[in-house]
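1. heads up, no residue letters with this:
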């Protein structure tokens with residue numbers, strides 16, 4: 001992996017139980033960074049003297065630390081901060097004084113490769129002196145709260161890492177770096193809240209304070225940030241996590257009231273019409289993804305400049321019928337092929353606190369560099385909870401510098417991307433469906449579509465029901481539910497898709513699962529259809545060229561059905577759906593979330609006469625035989641012409657397996673023969 005230009009989504013997908021990367025502390029300016037910095041980090045942070053002290057906080061990410069520090073008027077609070085600076089400087093600023101003037105408490109470290117504060121494992125304890133070298137002992141950084149500070153007064157404590165030589169203000173502009181804000185709030189005493197945890201069946205529910213699990217009934221101080229995690233037993237899946245009988249979708253809980261947490265699990269279906277994309281804890285499925293090459297959008301040469309050689313369409317639509325099995329994590333994205341099973345690359349579409357979200361990079365349109373955006377785009381209102389199947393679409397217009405995400409045809413996210421559009425890396429890359437090694441969230445998938453154009457909202461809604469195989473712009477369509485799609489070799493598509501399980505790289509080759517693990521798909525409704533009263537008249541209702549079965553039949557919600565005439569003597573007179581006739585008999589019958597009744601009537605076909613007995617047309621062993629001078633058009637059962645014949649013998653071995661109608665014409669006579677290949 002080319003570390004010089006790749007921005008990993010790891011930090012974004014992992015998140016933190018302590019930090020929020022979105023904003024600085026309210027009321028204060030944020031420092032600006034032209035790029036995410038790697039010049040230093042906090043190894044651990046502890047306090048003494050507060051009403052409730054920090055105890056060895058770790059893994060801080062940039063921005064505001066969610067857990068407030070509550071202090072009493074007149075209190076002195078000391079900070080024990082262990083850092084590693086790699087090759088940069090570290091500084092602390094605060095306004096915890098009578099005038100609320102922001103001042104610098106300390107500055108230490110030196111830019112460059114030989115920094116005396118570099119200790120990745122243990123960190124180096126910071127003392128209050130302004131000194132580029134660590135001192136063996138001394139005064140810890142501290143603040144003293146004014147004795148007359150009023151209840152609710154807020155102070156700032158900001159830590160900054162940067163590659164700059166001097167840090168003189170609390171909100172400068174940096175080439176690169178990172179910062180952390182602690183909110184210090186004056187209180188006379190701390191409220192404590194009770195955390196009750198119900199013991200679930202078929203799984204575990206764990207609430208932690210830092211790294212320590214708490215017991216049900218424990219009391220924690222106001223403002224404590226707890227982590228919330230539910231894990232199913234093998235063979236089960238998560239139904240919901242609730243607090244006080246309401247869905248609780250966040251990975252963290254900030255104590256501000258008594259809590260009553262519960263989790264529910266159910267048996268995981270081992271058969272059905274969907275594929276299981278799973279994470280550890282889900283049995284034999286292991287870590288797996290469905291992947292296919294992004295060369296379906298065009299070619300690109302990784303040895304040359306991206307701009308000159310990239311022929312891929314940057315205007316495309318990526319959709320899937322998909323179901324999340326958790327509240328936080330990635331479902332689908334564009335990834336580097338060299339990554340074992342991680343969604344790491346251009347973007348990942350998933351959920352954050354149960355709402356649709358996109359973690360993404362941007363491309364400036366001119367270079368191979370693709371800087372990352374530190375915060376995901378999150379829908380304000382559109383949720384996707386465990387157990388719900390939805391049609392999720394990401395559409396991007398690189399020229400328009402925008403991308404949008406739709407759920408069931410309704411817009412959920414619209415984002416303008418500065419400096420070009422959504423990145424497509426110039427490496428060998430795949431489109432991927434499934435969990436990431438970072439977030440370990442399983443999901444289910446039924447159908448995947450990729451179009452080489454930006455579909456309109458109306459086109460997206462239409463594609464929910466299933467596209468025709470010859471639809472304009474459809475470059476990849478994968479249906480794991482297909483009767484033939486039982487191994488990775490015969491998933492549909494011009495570019496083979498593959499199902500990777502527990503992937504590890506060996507000379508650029510990935511192990512692939514030798515069978516798909518099926519599970520339950522989206523819900524079905526009942527479709528009833530009539531039997532024609534005329535002799536020799538018959539028809540079928542088909543979905544993706546497959547008959548739905550005897551009436552009444554279960555059919556997936558949001559599917560297209562087509563009425564297919566099976567007879568030769570009769571043709572359709574009408575087809576009605578819930579007593580409403582179709583304007584065009586060849587139109588799709590849209591199955592939504594309601595039961596349907598289909599009725600077809602027939603009439604004698606006009607102009608259909610047998611060719612003379614001594615000149616009969618017939619099909620045998622992949623060959624269509626016709627009398628001399630006859631011509632034929634071959635149709636599939638959706639009414640699409642797929643071949644023509646003008647010779648007495650025509651080899652049809654290139655047709656896919658299926659049922660076909662051949663309309664054979666000679667002079668003014670026409671006959672229709674039905675054959676199966």
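-> Perfect, thanks for sending it. Note that this is a predicted model, so its numbers are computed, not measured.
2. What are the contacting residues of the strand or helix carrying residue 381?
-> The secondary structure element spanning residue 381 is strand 377-383 (assigned by DSSP states H and E). For strand 377-383, the surrounding residues in contact (CB atoms under 8 Å, 6 or more residues apart in numbering) are 249, 351-358, 360, 405, 407, 410, 412-413, 415. (Glycine included, C-beta is placed from N, CA and C.)
3. how about it: buried residues?
-> If you call a residue buried by 16 or more other CB atoms under 10 Å, then strand 377-383 has these buried ones: 377, 378, 379, 382, 383.
4. How far off centre is the helix or strand following it?
-> The helix or strand immediately downstream of strand 377-383 is strand 389-397, counting by DSSP H and E. Averaging C-alpha coordinates over strand 389-397 and over its chain gives two centres that are 10 Å apart (CA atoms, centre = their mean, to the nearest Å).
5. before we move on, what about stretch 569-589?
-> Computed by CA atoms, centre = their mean, the separation of stretch 569-589 from the middle of its chain amounts to 39 Å.
6. avg pLDDT for that stretch?
-> Across stretch 569-589, the average pLDDT comes to 90.
7. can you check stretch 256-266 too?
-> Confidence for stretch 256-266, expressed as mean pLDDT, is 97.
8. Run through who's touching it.
-> For stretch 256-266, the external contacting residues (CB under 8 Å, 6+ apart) are 193-198, 200-205, 207, 222-223, 228, 230, 232-233, 236-245, 248, 253.
9. So residue 211 versus residue 119, what's the distance?
-> Using CB to CB, to the nearest Å, we find residue 211 at a distance of 21 Å from residue 119.
10. Comparing the two, which residue is more hemmed in?
-> Here residue 211 and residue 119 are compared on neighbour count by other CB atoms under 10 Å; more neighbours surround residue 119, at 16 against 9.
11. Show me the beta-bridge partners of the nearest residue to that one once chain neighbours are set aside.
-> Excluding the flanking residues, the one nearest residue 119 by CB to CB, 6 or more residues apart in numbering is residue 84, at 5.2 Å. According to DSSP bridges, the residues that bridge with residue 84 are residue 41.
12. rewinding a little: buried subset of the contacts of strand 377-383?
-> By the neighbour-count criterion of 16+ other CB under 10 Å, those include these buried positions: 249, 351-352, 354-358, 360, 405, 407, 412-413, 415.
13. number of nearby residues for residue 667?
-> Using other CB under 10 Å, residue 667 is surrounded by 8 other residues.
14. what's near enough to touch it?
-> With contact taken as CB under 8 Å, 6+ apart, residue 667 is in contact with residue 629.
15. how near is it to residue 403?
-> Applying CB to CB, the value for residue 667 to residue 403 is 58 Å.
16. repeat for residue 422
-> For residue 422, the distance to residue 403 (CB to CB) stands at 5 Å.
17. what do these two both touch?
-> By CB under 8 Å, 6+ apart, residue 422 and residue 403 have these common neighbours: 360, 396.
18. Run through the stretch 501-650 of the chain and note the low-pLDDT ranges.
-> Residues of the stretch 501-650 of the chain that meet the criterion pLDDT under 70 lie in 502-515, 606-615, 637-639.
19. what sits against residue 88?
-> Contacts of residue 88 were listed using CB under 8 Å, 6+ apart, and they are 37, 39, 40, 109, 111, 115, 161, 162, 163, 164, 177.
20. Is the residue nearest to it when sequence neighbours are not counted within a helix or a strand, and which one?
-> Sequence neighbours aside, residue 39 is the residue nearest to residue 88 in space, at 3.0 Å (criterion: CB to CB, 6+ apart). Secondary structure assigned from DSSP H and E places residue 39 in neither a helix nor a strand.
21. Just give me the neighbour total for residue 39.
-> If you count neighbours by other CB under 10 Å, residue 39 ends up with 23.
22. try residue 651
-> Applying other CB under 10 Å, we find 12 residues neighbouring residue 651.
23. what bridges to the nearest residue to it once chain neighbours are set aside?
-> Using CB to CB, 6+ apart and skipping residues adjacent in sequence, the residue nearest residue 651 is residue 623, 5.7 Å away. Applying DSSP bridges to residue 623 yields these beta-bridge partners: residue 620, residue 651.
24. repeat for residue 143
-> Partner residues in beta bridges with residue 143: residue 77, with DSSP bridges as the criterion.
25. mind listing what it touches?
-> If you count contacts by CB under 8 Å, 6+ apart, residue 143 has them with 76, 77, 94, 96, 97, 105, 155, 157, 184.
26. Show me which of those residues are buried.
-> Neighbour counting with 16+ other CB under 10 Å marks 77, 94, 96, 105, 155, 157, 184 as buried within the contacts of residue 143.
27. Can you tell me which of those is closest to residue 322?
-> Using CB to CB, residue 157 is the member of the buried ones among the contacts of residue 143 that sits closest to residue 322, with 42.5 Å.
28. ok, and the closest non-adjacent residue to the closest one?
-> In space, not counting the residues next to it along the chain, residue 157 is nearest to residue 182; the distance is 4.1 Å by CB to CB, 6+ apart.
29. Mind telling me what element that neighbour is part of?
-> Counting by DSSP H and E, the secondary-structure element that holds residue 182 is strand 173-186.
30. can I get the buried residues of strand 377-383 in JSON lines with distance to residue 634 and pLDDT?
-> What follows is the buried residues of strand 377-383, written out as JSON lines (distance: CB to CB, whole Å; pLDDT from 0 to 100):
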{"residue": "377", "distance to residue 634": "48", "pLDDT": "92"}
{"residue": "378", "distance to residue 634": "51", "pLDDT": "96"}
{"residue": "379", "distance to residue 634": "47", "pLDDT": "97"}
{"residue": "382", "distance to residue 634": "45", "pLDDT": "97"}
{"residue": "383", "distance to residue 634": "47", "pLDDT": "98"}
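31. Is residue 163 in contact with residue 113, as I believe?
-> No - the pair residue 163 and residue 113 fails to qualify as a contact (CB atoms under 8 Å) at a distance of 11.5 Å.
32. Overlap in contacts, those two.
-> Overlap between the contact sets of residue 163 and residue 113, as judged by CB under 8 Å, 6+ apart, is given by residue 87.
33. of these two, who's got more company?
-> With neighbours defined as other CB under 10 Å, residue 163 and residue 113 compare such that residue 163 has more, 19 against 7.
34. Give me the pLDDT value at that one.
-> According to the per-residue confidence, residue 163 scores 87 in pLDDT.
35. Now do the phi/psi pair for the closest residue to residue 409 other than its chain neighbours.
-> Distances taken as CB to CB, 6+ apart put residue 461 closest to residue 409, at 3.4 Å, once the chain neighbours are dropped. For residue 461, the backbone dihedrals (degrees, to the nearest 10) come out as phi -60, psi -40.
36. Go ahead and confirm residue 461 touches residue 393.
-> No - counting by CB under 8 Å, no contact exists between residue 461 and residue 393, whose distance comes to 9.6 Å.
37. First-to-last residue distance for stretch 221-234?
-> The distance separating the two terminal residues of stretch 221-234, taken as CA to CA, to the nearest Å, comes to 35 Å.
38. my bad, stretch 118-133
-> Here the two ends of stretch 118-133 are set 11 Å apart, with distance taken as CA to CA.
39. Give me the buried positions along it.
-> Of the residues in stretch 118-133, those buried under the neighbour-count criterion (16+ other CB under 10 Å) are 118, 119, 123, 124, 125, 126, 127, 128.
40. so which of the residues you listed comes closest to residue 397?
-> residue 118 (44.7 Å).
41. Tell me, how many residues neighbour the closest residue to residue 133 other than its chain neighbours?
-> Nearest non-adjacent residue to residue 133, counting by CB to CB, 6+ apart: residue 116, 5.0 Å away. Residue 116: 14 surrounding residues under other CB under 10 Å.
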